[in-house]
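Enquirer: Turn this into a structure:
(chains A and B)
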Amino acid sequence: MDRRGAIFPLRPILRLFLLGLLLVWMTVPARGEDRFELAQTMRLIPPNGPLTRYGDITFDSFRSGKVPAAIFPHWLHRARYTCRVCHQELKFAMSSGQTRMSRAALIGGKFCGACHNGDQAFSLRPKDGGDNCGRCHLDNREDLDKKFASFAEGLPEAEFGNGIDWAEAYAQNLVQPVDSLSGGRRDTIGLPKKLQKPLNLGTSAARSSVLFSHEEHYAEMDCANCHPDIFTIVRNGTEAFTMEKNIYGWYCGTCHMRVAFPMNDCHRCHPEMKNGRRF
Amino acid sequence: MKGWGDKVTAIGLVLVLLVGTGLLAHAKGNAPKRLPADEYGTLVLNNYSEKAGVRPVVFRHWVHRARHTCRLCHVDIGFAMAAGETQMREEDNRAGQFCGTCHNGKEAFGWESDRYADNQNPNCERCHAKSAIGRDPINQRHFEELRKNLPEGRFGNEIDWAAASRLKKVVPRDYIEGVSFDRPKLKHDQGDLNLDSKLAGLPDIFFSHKEHAVWNSCELCHPDLFALKVGTSDYSMQEIFAGQYCGVCHGSVAFPLQDCGRCHAKNQ
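Expert: Below you'll find the predicted structure:
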């Protein structure tokens, strides 16, 4: 046997693996990153990943190597502010990497800097002193993980995502997020009467039909967070609105795969589907 | 032959690594992208450019509306209201029509120069732009300079243009000698309209003729988009989202329709 056999002892397996990869690659939809991103997401979703890291965003666009990437924990922020505060008032994009943040903008009071100014939250401005850099540019996550563990204690449990049933926590006033940075109620329009009762979204099978509550979503968001970018305003008018698209992060999946409860929690949208339910 | 097989496997491995790194680098979320504030209202004019071997023109509404009213270009100069429908060519501009009305080296930068041969003028690239939409640092810088002095808006350009004109921070020009025709001053006493929102619980629509008349003249909207008599044009929010009625401007140039509360503003 020549030496090459020793270098590639697993040659047949490796070839099979490569062939498999090729097949997967060929079946990737037009937007190649979707399937890859799903894999990334699935890796992080409990039971595969730790509860504490669900919804975390890593900011490392500049990859300077000099400072550790900034970690943004959604759970910490959503306990205090509704989604719309950041995604509407502060103009954060709904997808990571699309918000044009810069050091100058943050220090000038935009984006994170709107609260992290030493007033509402710890300051990120160097001139304010204090050693706060490391609170976002985390070297070591242990403290954050511990903080999550003590925060989550006593909150209603969910099977997936953060392991917290946020909707129930709001209902019981265990978390009371602020709705607007300008103080008091937001300055947008109210929910029309017609949309106050749950919408019955038919699906291909009766047992999987969805009860969608505008009211619960409106509690956290403005109309413009979803309409018309993600969903049209015509009832049943959103094209190609399928479960597969959802899972790949479109439509409901824009939030319900990254921050809001992930879609392995089937019965929360499909109340008749109880198969997977453990309690 | 054994060696050949190993080589294929090795090359395959390298390829997988390369493709994998590429995927990692491009792994971005797929929530629908909104244009950045400095590119809201940006048009690419390419009816003839690429066929003639030059780059398409990138037209930015914000630059122009900070200085001129809508009607100056869309009525007096005669630009269509939908992208691609103005069938203009380079010759037309050079003859002083369309863009050439102002871009003649007098009102605004032009193409003629003693210092450069034809088509070598650096001004060409100011419209036939090299940078793709959203990736033009010069545009971003100029936009930020303008924006920091203007009232903030929620969507679109993230500038509240109406407030900017009320506060006289933007005073758009409405007349060009030799191009604009004299017209009687618009009466602003048509008043504000209170339009029924058709949906219980949704605030009614507050429509101000006065706010619109700062930028527009009657003929821009009447009678093509809206009949003259209140209540005779029947339209729905769906049609508006599809780019009809209010949606002709609101959604492409004027503040977008996500800003619900700016029109549904009565009985709040």
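
Enquirer: show me what contacts B:A108?
Expert: If you count contacts by CB atoms under 8 Å, 6 or more residues apart in numbering or on different chains, B:A108 has them with B:C102. From N, CA and C alone the C-beta is placed, and that goes for glycine too.

Enquirer: 10 Å instead, please
Expert: Going by CB atoms under 10 Å, 6 or more residues apart in numbering or on different chains, B:A108 touches B:63-64, B:67, B:99-102, B:123, B:126.

Enquirer: Also A:F241?
Expert: A:201, A:230-232, A:250-252.

Enquirer: for B:R135, same thing?
Expert: If you count contacts by CB under 10 Å, 6+ apart, then B:R135 has B:36, B:39, B:129 around it.

Enquirer: out of these, which touch chain A?
Expert: Among the contacts of B:R135, proximity to chain A is found for B:P36 (CB under 10 Å from any CB of the partner chain).

Enquirer: Show the pLDDT at residue 124.
Expert: In the absence of a named chain, chain A is used. Note on A:L124: pLDDT of 91.

Enquirer: my bad, chain B
Expert: 90.

Enquirer: doesn't A:H217 make contact with A:Y170?
Expert: No: between A:Y170 and A:H217 there is no contact under CB atoms under 10 Å: 12.0 Å.

Enquirer: Quick check: whatever residue of the stretch 51-200 of chain A ends up closest to chain B vs A:H87, distance?
Expert: Per CB to the nearest CB, A:S95 is where the stretch 51-200 of chain A lies closest to chain B, at 3.0 Å. Computed as CB to CB, to the nearest Å, the A:S95 to A:H87 distance reads 10 Å.

Enquirer: swap in B:V214?
Expert: 31 Å.

Enquirer: ok, B:N47 - contacts?
Expert: Here B:N47 is in contact with B:56-57, B:83-89 (CB under 10 Å, 6+ apart).

Enquirer: Mind giving me the ChimeraX command for buried ones among these?
Expert: To isolate the buried members of these in ChimeraX, using 16 or more other CB atoms under 10 Å in any protein chain shown:
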select /B:56,57,86,88
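
Enquirer: circling back: widest-spaced pair of the contacts of A:F241?
Expert: Spatially, the most separated pair among these is A:L201 and A:W250, at 15.5 Å (CB to CB).

Enquirer: Comparing these two, which residue is more hemmed in?
Expert: A:W250 (21 against 15; other CB atoms under 10 Å in any protein chain shown).

Enquirer: Distance of that one relative to chain B?
Expert: According to CB to the nearest CB, to the nearest Å, A:W250 and chain B sit 6 Å apart.

Enquirer: Give the residue spans of the stretch 1-150 of chain A that score low on pLDDT.
Expert: A:1-10, A:23-35, A:44-48 (pLDDT under 70).

Enquirer: Strands along that one, start to end?
Expert: Taking DSSP state E, counting those that start in this stretch as the test, the strands found in the stretch 1-150 of chain A are A:57-59, A:70-72.

Enquirer: buried stuff in the first one?
Expert: For strand A:57-59, the neighbour count (16+ other CB under 10 Å) marks A:57, A:59 as buried.

Enquirer: Could I get the contacts of A:F241 in TSV, plus columns for secondary structure?
Expert: As requested, these are exported to TSV (DSSP: H, G, I helix; E, B strand; the rest coil):
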residue	secondary structure
A:L201	strand
A:I230	coil
A:F231	coil
A:T232	coil
A:W250	coil
A:Y251	helix
A:C252	helix
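
Enquirer: Quick one, which of those residues are buried?
Expert: A:230, A:232, A:250-252.

Enquirer: on that earlier part again, redo the strands of the stretch 1-150 of chain A as a markdown table? Include distance to A:L51.
Expert: Below are those laid out as a markdown table (distance: least, CB to CB, whole Å):
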| stretch | distance to A:L51 |
| --- | --- |
| strand A:57-59 | 16 |
| strand A:70-72 | 15 |
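
Enquirer: Please tabulate the ones you listed in JSON lines, including the columns distance to chain B.
Expert: Output for the strands of the stretch 1-150 of chain A, formatted as JSON lines (distance: least, CB to the nearest CB, whole Å):
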{"stretch": "strand A:57-59", "distance to chain B": "10"}
{"stretch": "strand A:70-72", "distance to chain B": "14"}
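
Enquirer: In the stretch 151-279 of chain A, where is pLDDT below threshold?
Expert: Those would be A:274-279, if you go by pLDDT under 70 across the stretch 151-279 of chain A.

Enquirer: got the residues of it near chain B?
Expert: Going by CB under 10 Å from any CB, the residues of the stretch 151-279 of chain A near chain B are A:186-196, A:222-230, A:232-235, A:237, A:245, A:248-251, A:253-255, A:258.

Enquirer: Please repeat the previous calculation with a cut-off of 7 Å.
Expert: Residues of the stretch 151-279 of chain A lying near chain B by CB under 7 Å from any CB of the partner chain: A:187-194, A:223-224, A:228-230, A:233-234, A:249-250, A:254.

Enquirer: Please list only the buried members of those.
Expert: By 16+ other CB under 10 Å, those give A:188-192, A:223-224, A:228-230, A:233, A:249-250, A:254 as buried.

Enquirer: Next, give me the two most distant ones among these.
Expert: A:G190 and A:G249 (30.0 Å).

Enquirer: So what does the residue nearest to B:N104 when sequence neighbours are not counted look like in phi/psi?
Expert: Nearest non-adjacent residue to B:N104, counting by CB to CB, 6 or more residues apart in numbering or on different chains: B:G110, 4.7 Å away. Backbone dihedrals for B:G110, given as degrees, to the nearest 10, come out at phi -120, psi -170.
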